[in-house]
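Undergrad: Pasting a predicted model and its sequence here:
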Amino acid sequence: MLDIINVQKTFNPGTINEKKALNGINLHLDEGDFVTVIGGNGAGKSTMLNMIAGVYPVDCGSIIVDGVDITGLPEYKRAKYLGRVFQDPMTGTAADMQIEENLALAARRGKRRFLRPGITAKERTEYKELLKILDLGLEDRLTAKVGLLSGGQRQALTLLMATLKKPKLLLLDEHTAALDPKTAKKVLDITEEIVTKNNLITVMITHNMADAIRVGNRLIMMHEGQIVVDVKGEEKKKLTIEQLLQMFEASSGSQFTSDKVMLSK
Amino acid sequence: MEIFSQLLKALPGSVSQGLIWGIMAIGVFLTYRILDVADLTVDGSFATGGAVAVVLILNGCNLWLAMLAAFVAGLLAGAITGLLHSLMGIPPILAGILTQLSLYSINLKIMGKANQSINVNKTDLLISLRWVKDFAFHNPLITVSVVLAVLIALLYWFFGTEMGCGIRATGSNPNMSRAQGINTSFNKVLGIMLSNGLVAFSGAFLAQYQGFADVKMGQGAIVIGLAAVIIGEALFGKIFKNFALKLLSVAFGSIIYYIVIQAVITMGLDANLLKLLSAVIVAIFLAIPYWKRLYTEKHMRKSKGGKVNA
């Protein structure tokens, strides 16, 4: 379960660069909810995800995951509850470390790290099996440095790492945006597979409207730091891109403007 | 020929120094390569190690215990730098410089004066430059080699543990590390501590080897450490991929550095110019990766332009 209660965030307050990024966000997600998030540039999508992850503190409001108030926890402590995949494939993995070492790091998320082995023989066989699911040939390259992998391979690996220890909440920040269309589709397919299999609560930011409508059971649209459209269940399944744009204009009182989103329609 | 035989005569001494400084260089490797931080604390903590060991030995302390105390003193020095960075938000380079400067006073206080000699005729020592040609365990070549091997084995083990992997991940990608629940601030402090512990340990060896500790004995240590790291990588980087072998290549780099320095002195270079020479060599080696990138980018631009014209 995720509850975001009246979260506000202003960057550079009191300066000429003041930017109100989140303007009182409220969001409740239940077990098994898979919500896609769409919105123009500067709508506050990434800020919302970063607030949940604890990259920077909130100005006010609270964030509750599975009954635990995590609003005041530092980023590394929240990691216990969260799985994260980033837009930049370089962000999610340690390039100088081996594939299996990266997975082993992820397997210890939320645990204290002492002088036990960083990776065990038993884990190696498990990871080999897990990597086979990705069907990217990584299962034969366990000891290769992650820096040698392609962007798509790194995103798929990050996805696996984010869900290796079942998180309470999976946060995907435009994780297919930096990939070519074919790879993006593959990574999105893997995402759906993993989310469905583990029944994960997921928040996925995307710039692709068709994906946003097709994937998940709920869709929210953001504008100027607020959630302006919220569509669920049956209504979402029947949604078309034109309807979505109309709903956006009706509730925000402005045209939907994002070249990236429009072009990828 | 004359020079060659002179060099050969000086070789055991150069190799001994190289081995001792090799431990220091491994400390620099931990911060510079693994944590991706240039830590300048080492110039101070190296002398701290020497000072602590010499004062303790003069007061009748067990030799290995004195070495351990030097290591702990280095850990503390590193902790100060680490905390200046993580608690007070001071950039690592500046934090290191601040600690290094304050250590100068602390080292003076430890020794009570700027230079404290320790006479191998009067006091029992682990190693001394007098013994470089002895066929016994107290020959610095043997003692330091054995200690170096043990240290490399310990570090190899440590960086394979959960804690060690956390430090490596922190250096490689702090964003990812935090997302995987790793306390990056803590790990940086830990890494800088460990690095300075090794540096001080090495200082304790050098003080015994040369028969004195001096507040200035660590001056330029960071440059020697970087030189050793860079030489090791340049010569063995292609063949030594394993972590333990990488550490070994740093030690080799340090030995080669001291042999080269000895050769340059034997050939008649003014010894006062040595530090200048070291700095120039390190500057050039640090520039090489940058120049390489500039060259490839320029090259790529040209070949792309060529295609457009055709």
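TA: That came through fine.

Undergrad: Could you pull out the helices in the stretch 101-250 of chain A for me?
TA: Using DSSP state H, counting those that start in this stretch, the helices of the stretch 101-250 of chain A run over residues A:121-134, A:151-164, A:181-198, A:209-214, A:233-237, A:241-252.

Undergrad: Now the most centrally placed residue in chain A: closest residue in space, sequence neighbours ignored.
TA: Taking Cα atoms, centre = their mean, the centroid of chain A lies closest to A:Leu172, which sits 1.4 Å from it. Once flanking residues are discounted, A:Leu172 sits nearest to A:Met204: 4.1 Å by Cβ to Cβ, 6 or more residues apart in numbering or on different chains. From N, CA and C alone the C-beta is placed, and that goes for glycine too.

Undergrad: For that neighbour, give the beta-bridge partners.
TA: A:Thr36, A:Leu172 (DSSP bridges).

Undergrad: shouldn't it be in contact with A:Ile38?
TA: No - the criterion here is Cβ atoms under 8 Å, and A:Met204 misses it with A:Ile38 at 9.7 Å.

Undergrad: residues of the strand or helix carrying B:Pro289 that come out buried?
TA: Assigned by DSSP states H and E, B:Pro289 falls within helix B:274-309. By neighbour count with 16 or more other Cβ atoms under 10 Å in any protein chain shown, helix B:274-309 contains the buried residues B:Ser278, B:Ile281, B:Val282, B:Phe285.

Undergrad: ok, now stretch B:145-161?
TA: B:Ser145, B:Val147, B:Leu148, B:Leu151, B:Ile152, B:Leu155, B:Tyr156, B:Phe159, B:Gly160, B:Thr161.

Undergrad: and if you look at stretch A:21-38?
TA: Using 16+ other Cβ under 10 Å as the test for burial, stretch A:21-38 gives A:Ala21, A:Leu22, A:Asn23, A:Ile25, A:Leu27, A:Leu29, A:Asp33, A:Phe34, A:Val35, A:Thr36, A:Val37, A:Ile38.

Undergrad: Could I get the full set of strands for the chain?
TA: You didn't say which chain, so I picked chain A. Counting by DSSP state E, chain A has strands at residues A:2-11, A:19-29, A:34-39, A:60-65, A:68-69, A:82-85, A:169-173, A:202-205, A:218-223, A:226-232.

Undergrad: let's do chain B instead
TA: Counting by DSSP E, the segments of chain B that form strands are B:115-117, B:212-214.

Undergrad: What are the buried residues along the last one?
TA: Spelled out, that is strand B:212-214. Within strand B:212-214, the residues that qualify as buried are B:Phe212, B:Ala213, B:Asp214, counting by 16+ other Cβ under 10 Å.

Undergrad: cool, and stretch B:50-66?
TA: Judged by neighbour count using 16+ other Cβ under 10 Å, the buried positions of stretch B:50-66 are B:Gly50, B:Ala51, B:Val52, B:Ala53, B:Val54, B:Val55, B:Leu56, B:Ile57, B:Leu58, B:Cys61, B:Leu63, B:Ala66.

Undergrad: can you tell me the distance between the two ends of that stretch?
TA: Separation of the first and last residues of stretch B:50-66 by Cα to Cα, to the nearest Å is 10 Å.

Undergrad: avg pLDDT for it?
TA: Stretch B:50-66 shows a mean pLDDT of 97.

Undergrad: ok, now how distant is B:Thr184 from A:Gly54?
TA: 13 Å (Cβ to Cβ, to the nearest Å).

Undergrad: go on, B:Ile80?
TA: Going from B:Ile80 to A:Gly54 by Cβ to Cβ gives 28 Å.

Undergrad: In the stretch 101-250 of chain B, mark out all the helices, start to finish.
TA: Using DSSP H, counting those that start in this stretch, helices in the stretch 101-250 of chain B cover B:140-158, B:162-172, B:174-179, B:184-210, B:221-236, B:243-266.

Undergrad: and of those helices, who's closest to chain A?
TA: Minimum separation from chain A across the helices of the stretch 101-250 of chain B (Cβ to the nearest Cβ) falls at helix B:162-172, 3.7 Å.

Undergrad: Return the residues of chain A in contact with chain B.
TA: Residues of chain A that fall close to chain B, judged by Cβ under 8 Å from any Cβ of the partner chain: A:53, A:74-77, A:79-80, A:82, A:84, A:86, A:90-97, A:101, A:104-106, A:108-111, A:113-119, A:161.

Undergrad: if we can go back for a sec, which of the buried residues of helix B:274-309 sits closest to A:Leu131?
TA: The closest of these to A:Leu131 turns out to be B:Phe285 (Cβ to Cβ; 38.3 Å).

Undergrad: Touching, B:Lys133 and B:Ala10? I think so.
TA: No - counting by Cβ under 8 Å, B:Lys133 does not reach B:Ala10; the two are 11.3 Å apart.

Undergrad: Which residues are in contact with residue 82?
TA: The chain I'm using is chain A. Counting by Cβ atoms under 8 Å, 6 or more residues apart in numbering or on different chains, A:Leu82 touches A:Ile52, A:Ala53, A:Val65, A:Pro167, A:Lys168, A:Leu169, A:Leu170, A:Leu171, B:Ala179.

Undergrad: I was after chain B.
TA: Applying Cβ under 8 Å, 6+ apart to B:Gly82 gives the contacts B:Ala95, B:Lys188, B:Val189, B:Leu190, B:Gly191, B:Ile192, B:Met193.
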